[in-house]
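In: Would you be able to build a 3D model of this:
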Amino acid sequence: MSETRQDEVSLLDLWQVIVEQKKFIFMIWATCVLLALIYVFVATPVFKAEAFLLPPSQKDVQQLNVPILNDSNSNSNYTPEYVYDLFVQTLKSRANRRSFYEEHGVAEHLGYSVDMDEEFLFDVGFHKILTVNRNTKKEEQAGFVSLSFEFSDADLAAKWVNSFVQETSVMVSERLADEVYAKINSLQSNLQSEIDGKLLLAKKRRLDRITQLKEAVTIARLLSAQDKSIRSLGGLSINTTSIPLYMLSAGALRGEMKMLEARQDDSAFIEGLRDLEERLAALEQVNVDAGMLKPMFFDQKAFAAAEPIKPNKTLIMILASILGLMLGVVVAFIANGLKGSKQENT
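Out: Numbers count the residues shown, from 1 in each chain. I've put the predicted structure just below:
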């Protein structure tokens with residue numbers, strides 16, 4: 001019963017202290033609220049601009065899938081997922097961001113001066129604030145990507161975000177187009193080398209054949225009629241394809257030799273040459289327009305925010321009120337304790 005009485009007395013004493021020091025508590029509370037109010041109106045507002053992106057469709061990257069390259073097993077199958085992943089990686093690229101930072105004079109808008117560390121300003125004022133968010137936890141939402149930037153100028157923040165996305169899209173499109181053209185040039189070079197090799201080899205074979213025919217004509221002239229009679233035995237024809245050339249008539253040998261010597265182009269006699277030329281001609285007709293490629297799709301472009309995300313005026317005022325009240329009460333009890341100690345000493 002006595003403990004309850006003591007608790008009641010203690011609470012009553014605390015309340016009396018608060019009542020006695022209410023003006024002092026109010027002054028501290030008002031000071032905290034006033035300081036918070038000054039900060040809210042003086043602090044530079046920060047706006048957030050955010051663009052939302054989606055993967056491209058199959059038709060947006062179809063130009064990259066050149067059939068003749070796929071037939072050559074050159075690993076040229078570009079899927080929307082592959083193209084989109086490359087685009088997102090380029091969004092995160094430090095080199096890409098640095099290029100944008102310099103081309104758009106971002107440093108000047110961040111308040112750069114000669115005594116500042118430009119690399120530090122880029123890293124803290126731009127690179128770390130330009131944020132790529134991708135939902136990797138849910139497979140069905142893996143394609144949803146957003147790019148955000150926080151800055152004191154809402155219009156400029158939105159402009160930078162949209163420009164960075166569009167310029168990155170153009171860069172990736174041109175990179176992919178150049179990659180396809182590099183594969184085309186490589187295949188063209190291989191095909192042309194194969195064609196040139198076949199033409200050279202065909203010429204060598206023709207010259208070899210002429211040499212063989214010349215030698216066969218010489219030998220045929222030296223053979224007697226009796227020697228040549230072995231071409232037919234007992235009224236049966238002998239297969240001349242397996243007999244030496246000199247067993248043929250000298251006239252036939254000279255006729256073939258003249259035809260070979262007069263031939264200006266061996267192309268018609270080279271097996272598979274026309275197929276190679278057809279593939280080469282098809283490659284020359286390939287046209288990849290980087291401007292028609294779309295490595296991403298704007299779900300929503302960034303826009304200038306009407307309200308800043310920092311400072312949070314409502315939250316700051318609420319916290320200032322609570323902390324001011326708590327601080328006032330604590331200081332009031334401390335002051336009351338010091339007052340009591342002085343009275344006991346006197």
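
In: Any buried residues in stretch 42-55, and which?
Out: Of the residues in stretch 42-55, Pro45, Val46, Phe47, Lys48, Ala49, Glu50, Ala51, Phe52, Leu53, Pro55 count as buried by neighbour count, 16 or more other Cβ atoms under 10 Å. Where C-beta positions appear, they are placed from N, C-alpha and C, glycine not excepted.

In: do the same with stretch 271-281
Out: Applying 16+ other Cβ under 10 Å to stretch 271-281 flags Leu273, Leu276, Arg279, Leu280 as buried.

In: Distance to Ser173 for those residues - can I get that in JSON lines?
Out: Shown next, in JSON lines, are the buried residues of stretch 271-281 (distance: Cβ to Cβ, whole Å):
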{"residue": "Leu273", "distance to Ser173": "37"}
{"residue": "Leu276", "distance to Ser173": "31"}
{"residue": "Arg279", "distance to Ser173": "26"}
{"residue": "Leu280", "distance to Ser173": "27"}
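
In: Relative to Val132, which of the residues you listed is nearest.
Out: Lowest distance from Val132 to those (Cβ to Cβ) belongs to Arg279, with 41.5 Å.

In: from the buried residues of stretch 271-281, which single one is nearest Asp60?
Out: Arg279 (27.2 Å).

In: so what's the closest one up against?
Out: Ile68, Leu191 (Cβ atoms under 8 Å, 6 or more residues apart in numbering).

In: do you know how far it is from Pro67?
Out: According to Cβ to Cβ, to the nearest Å, Arg279 stands 11 Å off from Pro67.

In: which residues in the chain form strands?
Out: With DSSP state E, the ranges of strands along the chain come out as 47-54, 131-134, 145-151, 232-233, 236-237, 297-300.

In: Need the residues that contact the longest one.
Out: For strand 47-54, the external contacting residues (Cβ under 8 Å, 6+ apart) are 143-154, 157-158, 160-162, 165, 296-305, 307-309.

In: Next, the angle from it to strand 145-151.
Out: Strand 47-54 runs at 170 degrees relative to strand 145-151, counting by axes from the mean of the first three to the mean of the last three Cα atoms, to 10 degrees.

In: re earlier: got a PyMOL select line for the buried ones in the contacts of strand 47-54?
Out: Selecting only the buried entries of the contacts of strand 47-54 in PyMOL, with 16+ other Cβ under 10 Å as the criterion:
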select buried, resi 143+145+146+147+148+149+150+151+154+157+158+160+161+162+165+296+297+302+305+308
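
In: The longest helix along the chain versus strand 145-151: what angle between them?
Out: Longest helix of the chain, by residue count under DSSP state H: helix 154-222. Helix 154-222 and strand 145-151 are oriented at 140 degrees to each other (the same axes, to 10 degrees).
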